[in-house]
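Engineer: Fold the following and give me the result.
(one chain, ligands or ions: 3)
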Amino acid sequence: MSFFENLKVDYKSGCLENYSGRKTTLENQYWYQEINVETIASKKLNKNIDIGIIGYVCEEGVQRNQGRIGTKNGPKAIRNQLGKVATHFKNKNIIDFGNIICVDNYLEDCHEAFSKSIAKIIQNKTLPIAIGGGHDIAYANFNGIKKALQQTAKRKIGIVNFDAHFDLRPVETVSNSGTPFNQILSENKNVDYFAIGIQQQANTKELFEIAKKLNVKYVTNFESETFSKDLKKKLSQFIEKVDYLYITIDLDGFSSAYAPGVSAPSPLGFSSQFAFAVLSFLLECKKVISVDIAEMNPEYDIDNTTARLAARLVDFIVCNS
Ligand SMILES: N=CN[C@@H](CCC(=O)O)C(=O)O
Ligand SMILES: [Mn+2]
Ligand SMILES: [Mn+2]
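Structural biologist: Numbering: from 1, shown residues only. Ligands and ions are numbered 1, 2, ... in the order given. As a prediction, the model looks like this:
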């Protein structure tokens with residue numbers, strides 16, 4: 001397909017069959033009745049699209065990072081649950097742009113294709129909500145935002161990552177799901193990084209040192225039990241200094257009681273109530289340019305708990321943006 005030039009990647013357009021739910025004679029009650037589909041390669045996108053859902057069908061980054069594979073089925077599991085969610089938003093045009101699919105170990109091509117797609121959605125003045133997929137989605141999403149802002153004056157991007165991990169590993173041989181923020185911070189000047197939910201036992205001393213060197217702001221999981229005044233203040237100061245916010249949610253930042261279906265589950269992660277409260281606050285600033293939800297691994301999910309949580313996150317972002 002010419003949109004992806006010569007990249008070694010697969011693509012599948014959005015598909016209504018991915019959304020189903022309870023039958024009803026009334027209209028606009030559930031997500032499956034609200035969503036429409038489109039191809040990302042479409043010559044002319046409708047200008048009135050509020051939200052663009054896009055799937056990142058990829059586990060190569062997790063595999064390279066010695067993690068448990070299965071995230072390539074994350075987008076499917078999330079859409080399965082999303083169709084059944086009751087809708088309360090009004091007048092939102094939501095389009096599913098389908099899936100960018102990693103071929104073999106061509107991760108870098110997949111990233112490039114994903115970045116192109118994100119840039120196209122943003123340039124259409126549509127908010128992308130990307131669903132993954134390994135957390136290397138963050139590198140691809142960030143580069144898509146960067147591409148979209150290339151010709152503009154306001155370009156300072158603040159990244160807020162909900163995660164147990166810094167994902168600041170240095171790239172030793174190849175990039176992976178543990179390296180995205182190291183790549184972003186070493187390749188760019190105009191960017192700040194704030195991580196929420198960082199766990200001491202899941203990040204080495206080396207990673208804390210890298211975070212310090214790169215001036216990364218963070219709060220630990222123990223500072224993420226309630227949305228404190230202190231965290232609100234820290235986030236307000238962070239938001240004030242940037243032109244745009246990119247929110248990335250690694251589901252393994254949640255306690256494994258809420259999100260068992262991930263590659264690296266967290267018994268000491270934060271609660272859903274905490275994450276939704278912070279998310280609501282972040283969305284209020286109206287600077288959010290792109291969002292993703294990463295590391296959904298249905299292989300380890302229990303009764304679709306994690307997929308349901310991810311679907312509710314998508315719905316919450318739509319309702320609050
Ligand atoms: N995206 C995940 N990154 C984590 C995974 C940790 C693990 O597999 O235990 C990391 O590299 O630190
Ligand atoms: Mn993580
Ligand atoms: Mn992560």
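
Engineer: And the helices in the chain, which stretches?
Structural biologist: 31-34, 60-64, 74-82, 107-123, 137-149, 180-187, 205-213, 229-240, 272-284, 305-319 (DSSP state H).

Engineer: Give me the angle between the fourth one and helix 180-187.
Structural biologist: By that I understand helix 107-123. 80 degrees (axes from the mean of the first three to the mean of the last three Cα atoms, to 10 degrees).

Engineer: Tell me which other helices or strands helix 107-123 touches.
Structural biologist: Counting contacts by 3 or more Cβ pairs under 8 Å, 6 or more residues apart in numbering; DSSP states H and E, helix 107-123 packs against strand 9-12, strand 51-57, helix 60-64, strand 94-102, strand 127-132, helix 137-149, strand 288-294. From N, CA and C alone the C-beta is placed, and that goes for glycine too.

Engineer: Residue 321 is in contact with residue 288, correct?
Structural biologist: Yes: the pair residue 288 / residue 321 is scored as a contact, 6.3 Å apart, by Cβ atoms under 8 Å.

Engineer: right, and residue 245 touches residue 284 too?
Structural biologist: No: applying Cβ under 8 Å as the test, residue 245 and residue 284 come out as separate, 10.8 Å apart.

Engineer: okay, these two: which has more neighbours?
Structural biologist: residue 245 (23 against 12; other Cβ atoms under 10 Å).

Engineer: For ligand 3, see how far away the more buried one is.
Structural biologist: 18 Å (Cβ to the ion, to the nearest Å).

Engineer: these two touch, right, residue 198 and residue 167?
Structural biologist: No: assessed by Cβ under 8 Å, residue 198 is found out of contact with residue 167, at 10.2 Å.

Engineer: the more surrounded of these two?
Structural biologist: residue 167 (28 against 24).

Engineer: Quick one: residues contacting that one.
Structural biologist: 135, 138, 161, 177, 178, 179, 180, 181, 182, 250 (Cβ atoms under 8 Å, 6 or more residues apart in numbering).

Engineer: and what of residue 269?
Structural biologist: 164, 197, 199, 221, 252, 253, 254, 255, 256, 258, 259.

Engineer: Any idea how many residues pack against residue 228?
Structural biologist: Neighbours of residue 228 (other Cβ under 10 Å): 13.

Engineer: likewise residue 70?
Structural biologist: Neighbours around residue 70, by other Cβ under 10 Å: 20.

Engineer: If we ignore the residues flanking it in sequence, what's nearest it?
Structural biologist: residue 299 (3.4 Å; Cβ to Cβ, 6 or more residues apart in numbering).

Engineer: how much space between that neighbour and ligand 1?
Structural biologist: 14 Å (Cβ to the nearest ligand atom, to the nearest Å).

Engineer: Was I right to think that residue contacts residue 263?
Structural biologist: No: checked against Cβ under 8 Å, the pair residue 299 and residue 263 is beyond contact range at 9.0 Å.

Engineer: The two: who's more crowded?
Structural biologist: Looking at residue 299 and residue 263 with other Cβ under 10 Å, you find the greater number of neighbours at residue 263, namely 26 against 16.
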